[in-house]
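Engineer: Pasting a predicted model and its sequence here:
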Amino acid sequence: MNQYSSLAKKAVEVYLKEGRMISAPENLTKEFFRKAGVFVTIENQGKLRGCIGTYLPTKENIAQEIIHNAIAAATEDYRFSPIQKQELPELSYTVYVLNKPEQIKSTKELDPKKYGILVKSQSFSPGSDVIFEPALRTHFKSGLLLPDLEGVDTVEKQISIACQKGNINPDTEKIIIYKFTVEKFER
């Protein structure tokens, strides 16, 4: 097992067995000490049990992103009940380290096998033609889809799913699309 997936596994196991968050091990390679967004996917015998992440870094380094997101994927993914201790031997972990998203000019730049996407929509509050305080007058919705997912073979399907995840209606809302690549580490 690679260091990335091993760290995710250890974080989840210690948290579920001992109720505590581990610290980043000191013997990790230098790649762990850069900043990047990270997603952690947990599967039980090939079936998704949790997937949570950040598309931009929120912690000091990748190791901390993996630890936090692995625990969140195991315990906070609203689509699933929290993972139980008895499931631990059957779990597999995939860690995605995201490169910084880049806004696209055309959907011709997309390839669902190569790029993940982040779709954002900006909605304005009534009476907001003049925006003095953008943070108070607007809100953003977003949906993210990782690259190379089974069954996602077209750009149209990729955008549709990302919009659904973000509760965005592309027919009535202006969307902005970003693409990103990932480094994928599987168990």
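Structural biologist: Nice, thanks for sending it over.
Engineer: Contact partners for Gly143?
Structural biologist: Contacts here follow C-beta atoms under 8 Å, 6 or more residues apart in numbering; on that basis Gly143 touches Leu118, Val119, Ile161, Ala162, Cys163, Gln164, Lys165, Gly166, Asn167, Ile168. (Each C-beta comes from the backbone N, C-alpha and C, glycine too.)
Engineer: between those, which is nearest Tyr96?
Structural biologist: Nearest to Tyr96 among the contacts of Gly143, counting by C-beta to C-beta, is Leu118 at 13.0 Å.
Engineer: if we can go back for a sec, from the contacts of Gly143, list just the buried residues.
Structural biologist: Neighbour-count burial (16 or more other C-beta atoms under 10 Å) is assigned, among these, to Leu118, Val119, Ile161, Ala162, Cys163, Gly166, Ile168.
Engineer: State the distance from the last one to Pro101.
Structural biologist: With distances defined as C-beta to C-beta, to the nearest Å, the gap from Ile168 to Pro101 amounts to 16 Å.
Engineer: Could you pull out the buried residues of the lengthiest helix in the chain?
Structural biologist: If you go by DSSP state H, the chain has its longest helix at helix 3-18. For helix 3-18, the buried set under the neighbour-count rule, 16+ other C-beta under 10 Å, comprises 3-13, 15-16.
Engineer: Stretch 167-184 too?
Structural biologist: Ile168, Glu173, Ile175, Ile177, Tyr178, Lys179, Phe180, Thr181, Val182.
Engineer: Restricted to strands, list those residues.
Structural biologist: Ile175, Ile177, Tyr178, Lys179, Phe180, Val182 (DSSP state E).
Engineer: Now do the same contact list for the nearest residue to the third one once chain neighbours are set aside.
Structural biologist: Read it as Tyr178. Nearest in space to Tyr178, with sequence neighbours left out and distances taken as C-beta to C-beta, 6 or more residues apart in numbering, is Pro101 at 3.7 Å. Residues in contact with Pro101 (C-beta under 8 Å, 6+ apart) are Tyr55, Leu56, Leu118, Tyr178, Lys179, Phe180.
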